[in-house]
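Participant: Build me a model:
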Amino acid sequence: MFQTYGVVQAEYLVEAMRWTASLAAIAMLGGAIGGALMVVLRLSDAMIPRAIGGAVTYVAQGTPLLVQLFLAYFGASAIGLDVPPLAAAAVAFTLWASAFLGDIWCGAIETVPKGQREAGLALGLRPRQLFWRVVLPQAVRPAIPPTVGFLVQVVKNTAIASIIGFRELTRAGQIVANVTFQPMPVFLTVAVLYFALCYPLSLAARLLERRLGSARIGPITV
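Facilitator: Numbering: from 1, shown residues only. Reported below is the predicted structural model:
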């Protein structure tokens with residue numbers, strides 16, 4: 001049935017925006033936990049954990065997110081599990097985000113000069129103290145821009161979840177455009193809603209960078 005784009009349709013898009021935000025939040029939180037685990041594995045002194053962390057990272061980064069989404073959804077169905085689209089999308093996005101965030105954070109940690117670690121050891125710091133007091137404070141600032149940039153990509157890539165029947169913002173826009181035959185105002189609204197989700201992340205990152213810049217701890221010297 002033909003409809004005219006109006007308040008009711010706009011409210012439908014706003015409701016779908018909540019599902020987009022929910023999936024993005026799940027992916028960010030799960031990806032942060034998984035990314036921290038990837039850092040532990042990849043920076044481990046033992047060969048096996050390092051190999052596991054590297055393998056997970058290479059597989060997740062070397063295959064399309066769409067394929068990972070299909071494997072999470074249809075793979076579960078193949079073994080007799082009835083997995084809701086949100087659960088399958090959450091698993092796929094969490095694994096994907098874990099690999100990329102782990103890679104970003106490992107890179108930031110490796111930018112800390114080796115001399116800073118040696119200075120910390122010379123001052124008698126234990127490895128755990130060295131990480132929390134010397135390495136991490138210096139790795140946080142360079143990690144912020146790529147981390148926030150990736151989180152913005154997470155929000156935008158939630159549109160892929162519509163492939164398995166998850167009704168997020170882009171899918172809702174397609175539905176409304178099909179019943180109103182007015183794609184221009186519909187997708188302009190979709191674009192504004194995506195901007196409303198992504199811009200606060202970038203703004204928060206700028207504020208955090210400024211705070212870290214004003215309260216930056218200088219490098220250890222001996």
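Participant: only C-alpha atoms for contact and neighbour calcs from this point on.
Facilitator: Fine.
Participant: Put the alpha carbons of stretch 91-104 into PDB.
Facilitator: Only the C-alpha atoms of stretch 91-104 are listed here, as PDB (Å, rounded to 0.1, in the frame of the first residue of the first chain):
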ATOM      1  CA  VAL A  91      29.000 -12.700  17.500                       C
ATOM      2  CA  ALA A  92      30.300 -11.800  14.000                       C
ATOM      3  CA  PHE A  93      30.800  -8.100  14.800                       C
ATOM      4  CA  THR A  94      32.500  -8.800  18.200                       C
ATOM      5  CA  LEU A  95      35.000 -11.200  16.600                       C
ATOM      6  CA  TRP A  96      35.700  -8.700  13.800                       C
ATOM      7  CA  ALA A  97      36.100  -5.800  16.100                       C
ATOM      8  CA  SER A  98      38.300  -7.800  18.500                       C
ATOM      9  CA  ALA A  99      40.800  -8.500  15.700                       C
ATOM     10  CA  PHE A 100      41.000  -4.900  14.500                       C
ATOM     11  CA  LEU A 101      41.100  -3.300  17.900                       C
ATOM     12  CA  GLY A 102      43.700  -5.700  19.100                       C
ATOM     13  CA  ASP A 103      45.800  -4.800  16.100                       C
ATOM     14  CA  ILE A 104      45.400  -1.100  16.700                       C
END
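Participant: Could you list the buried residues of stretch 43-55?
Facilitator: Of the residues in stretch 43-55, Leu43, Pro49, Arg50, Gly53, Gly54 count as buried by neighbour count, 16 or more other CA atoms under 10 Å.
Participant: so which of those residues comes closest to Ala122?
Facilitator: Leu43 (21.2 Å; CA to CA).
Participant: related to what we said a few turns ago, need the buried residues of stretch 43-55 in a markdown table (columns: secondary structure, distance to Ala21 and pLDDT).
Facilitator: A markdown table is the format used below for the buried residues of stretch 43-55 (DSSP: H, G, I helix; E, B strand; the rest coil; distance: CA to CA, whole Å; pLDDT from 0 to 100):
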| residue | secondary structure | distance to Ala21 | pLDDT |
| --- | --- | --- | --- |
| Leu43 | coil | 32 | 90 |
| Pro49 | helix | 33 | 93 |
| Arg50 | helix | 33 | 93 |
| Gly53 | helix | 28 | 93 |
| Gly54 | helix | 30 | 92 |
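Participant: Need the max-distance pair from the residues you listed.
Facilitator: The most distant members of the buried residues of stretch 43-55, if one measures by CA to CA, are Leu43 and Gly54, lying 9.9 Å apart.
Participant: out of the buried residues of stretch 43-55, who's nearest Val83?
Facilitator: Set against Val83, the nearest of the buried residues of stretch 43-55 by CA to CA is Gly53 (26.7 Å).
Participant: from memory the closest one sits against Leu41, does it?
Facilitator: Yes. With contact defined as CA atoms under 8 Å, Gly53 reaches Leu41; the gap is 5.2 Å.
Participant: Please work out the average pLDDT along the longest helix anywhere in the chain.
Facilitator: In the chain, taking DSSP state H as the definition, the longest helix is helix 7-42. Across helix 7-42, the average pLDDT comes to 94.
Participant: now for that helix, which elements pack on it?
Facilitator: Secondary-structure packing of helix 7-42 (3 or more CA pairs under 8 Å, 6 or more residues apart in numbering; DSSP states H and E): helix 47-62, helix 85-110, helix 136-157, helix 169-180, helix 183-214.
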